[in-house]
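**Student:** Return atomic coordinates for the entry below.
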Amino acid sequence: MKPMNIALLAGGFTGEYEVSINSAKNIAQNLDADKYKVYTILINRDSWVYEGGGESVMVDKNDFSITVAGERVKFDFAFITVHGTPGEDGKLQGYLDLMGIPYNTCDATTSAITMNKAYTKALVHGIHGLNTAKSIQLHQKDGHDTATIASALKFPLFIKPNNGGSSVGMSKVYNVAGLQEAIDRAFHEDPQILIEEFIKGREFSIGIARLNGKITVLPATEILTTKDFFDYEAKYTTGVTNEVTPADLPEEKNHQIAEIVTHVYLRLNCRGMVRVDFILLEDTQEFYFIEINTTPGQSANSLIPQQVRAMGMSVTDFYGQIIEGTK
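**Tutor:** Residues are numbered from 1 along each chain as shown. Reported below is the predicted structural model:
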């Protein structure tokens, strides 16, 4: 049978560009070459380019095709691994919908909504067993007063871009003196920011995917970092963070977590693979939702590949089932 032509979309417009490139390399290495012919396309603000076989080829956005060695290549499927805009916020999804090309992620609406941390928290509110930290959303164009914020929320506080990823622009502050600097840092990344009360407990991340038509919850990973919190450096600097997969949790707690994140997946109308980050509160072990990632990292040591291997499944089979289940 003729292999499917897969457009592997990587890059993007944010500081997560290199993270995306590493994800794409691992995906390309693990897609079954007998079933899929992979063309990695780098997405930049001014160009979409395929580089391979000594050629650098611009994508024709009119029909989402490329011409390689004089032959027109049209794609059967797009595998999006662009972290941040335009691959995680619904923009690429909307374009691919117009082109009639199936893809691996959530649809344009869900991608756009889940990119916004405050909107996502509002939507998952009310799911049995799920809690969220008290928070305030700020818009850069509106005035804000640090004294008012400090009186409304309890320190320590997390200040983060509302639409960012990989913890870029995120800060933890312990008093009002550090609040303005942290707000300015977050606004540098995004015109909307979220200020949340700190939730003390164990931090985890868990993948969910629809495999063979069934929602499958992967083994959870516990995040143990020597940093004060799981920021960009902690995520991508060797030795700073220890990731334990599968996490050391009782079976009853694993079952409860699986039920909660399955409800999150369904309520947000997710497709393909997503990852939910959460905290189990110290003492009570209550589940506190942090965020959902609809284009989670896929480098060899990223959390989803770790969890797939811990489940006893090959990453090659996993990616194949994602493609077959969403095309």
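**Student:** Please enumerate the helices of the stretch 151-300 of the chain.
**Tutor:** Here the stretch 151-300 of the chain has its helices, by DSSP state H, counting those that start in this stretch, at 179-189, 232-236, 251-267.
**Student:** mind giving me the domain ranges of the protein?
**Tutor:** Following automatic domain parsing, one gets these domains for the chain: 4-104, 112-131+200-326, 135-197.
**Student:** For those, give me CSV that also has mean pLDDT and mean neighbour count.
**Tutor:** Just so you know, the C-beta spots here come from the backbone N, C-alpha and C atoms, and that holds for glycine as well. As requested, those are exported to CSV (pLDDT from 0 to 100; neighbours: other CB atoms under 10 Å):
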stretch, mean pLDDT, mean neighbour count
domain 4-104, 95, 18
domain 112-131+200-326, 92, 18
domain 135-197, 90, 17
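**Student:** Contact partners for E51?
**Tutor:** T40, L42, V57 (CB atoms under 8 Å, 6 or more residues apart in numbering).
**Student:** these two touch, right, the first one and L8?
**Tutor:** Yes: counting by CB atoms under 8 Å, a contact exists between T40 and L8, whose distance comes to 4.6 Å.
**Student:** so what sits against both of these two?
**Tutor:** Going by CB under 8 Å, 6+ apart, residues that sit against T40 and also against L8 are A24, A28.
**Student:** so how far is Y265 from the closest residue to L266 other than its chain neighbours?
**Tutor:** Computed as CB to CB, 6 or more residues apart in numbering, the closest residue to L266 that is not its neighbour in sequence is I215, at 7.5 Å. As for I215, its distance to Y265 is 6 Å (criterion: CB to CB, to the nearest Å).
**Student:** Identify the contacts common to those two.
**Tutor:** In contact with both I215 and Y265: I208, using CB under 8 Å, 6+ apart.
**Student:** Grab the longest strand from the protein for me.
**Tutor:** For the chain, the strand with the greatest residue count under DSSP state E is strand 201-211.
**Student:** host element of I41?
**Tutor:** strand 36-43 (DSSP states H and E).
**Student:** D97 now?
**Tutor:** Assigned by DSSP H and E, D97 falls in helix 91-99.
**Student:** Quick one: end-to-end length of stretch 130-145, please.
**Tutor:** 30 Å (CA to CA, to the nearest Å).
**Student:** List of residues touching that stretch?
**Tutor:** If you take CB under 8 Å, 6+ apart as the criterion, stretch 130-145 is touched by 118, 121, 124-125, 149, 152-154, 158, 162, 183, 187, 191-199, 260, 263-264, 281, 286-289.
**Student:** circling back: just after the helix holding D97, pick out the following helix or strand.
**Tutor:** Immediately after helix 91-99, counting by DSSP H and E, sits helix 108-115.
**Student:** what packs against that next one?
**Tutor:** helix 91-99, helix 117-124 (3 or more CB pairs under 8 Å, 6 or more residues apart in numbering; DSSP states H and E).
**Student:** From K121, how far off is the nearest residue to I101 once chain neighbours are set aside?
**Tutor:** Of all residues not flanking I101 in the chain, A78 sits nearest, at 5.3 Å (CB to CB, 6+ apart). In this view, A78 and K121 are 29 Å apart by CB to CB.
**Student:** could you dump the contacts of E51 to CSV with distance to A310?
**Tutor:** Output for the contacts of E51, formatted as CSV (distance: CB to CB, whole Å):
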residue, distance to A310
T40, 27
L42, 31
V57, 39
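**Student:** re the thing from before, quick check: the residue nearest to I101 touching L9?
**Tutor:** Yes: A78 lies in contact with L9 (CB under 8 Å); the separation is 5.8 Å.
**Student:** shared neighbours of those two, anything?
**Tutor:** Common neighbours of A78 and L9 (CB under 8 Å, 6+ apart) are L92.
**Student:** got the contact list for the residue nearest to S171 when sequence neighbours are not counted?
**Tutor:** Excluding the flanking residues, the one nearest S171 by CB to CB, 6+ apart is A182, at 3.7 Å. Contacts were defined as CB under 8 Å, 6+ apart; by that measure A182 touches L157, I159, S171, K172, V173.
**Student:** again, but for S302
**Tutor:** S23, N26, P296.
**Student:** Spatially central, which residue of the protein would that be?
**Tutor:** Per CA atoms, centre = their mean, the C-alpha nearest to the average position across the chain is that of N293, at 2.8 Å.
**Student:** Does it touch V274 like I think?
**Tutor:** Yes: assessed by CB under 8 Å, N293 is found in contact with V274 at 6.4 Å.
**Student:** Could you report the separation of F64 from G312?
**Tutor:** 36 Å.
**Student:** State the distance from I113 to L9.
**Tutor:** 21 Å.
**Student:** cool, and S56?
**Tutor:** 16 Å.
**Student:** And the nearest residue to the residue nearest to the centre of the chain once chain neighbours are set aside, how close does it get to V57?
**Tutor:** Spatial nearest neighbour of N293, excluding adjacent residues (CB to CB, 6+ apart): R275 at 4.5 Å. R275 sits 32 Å away from V57, going by CB to CB.
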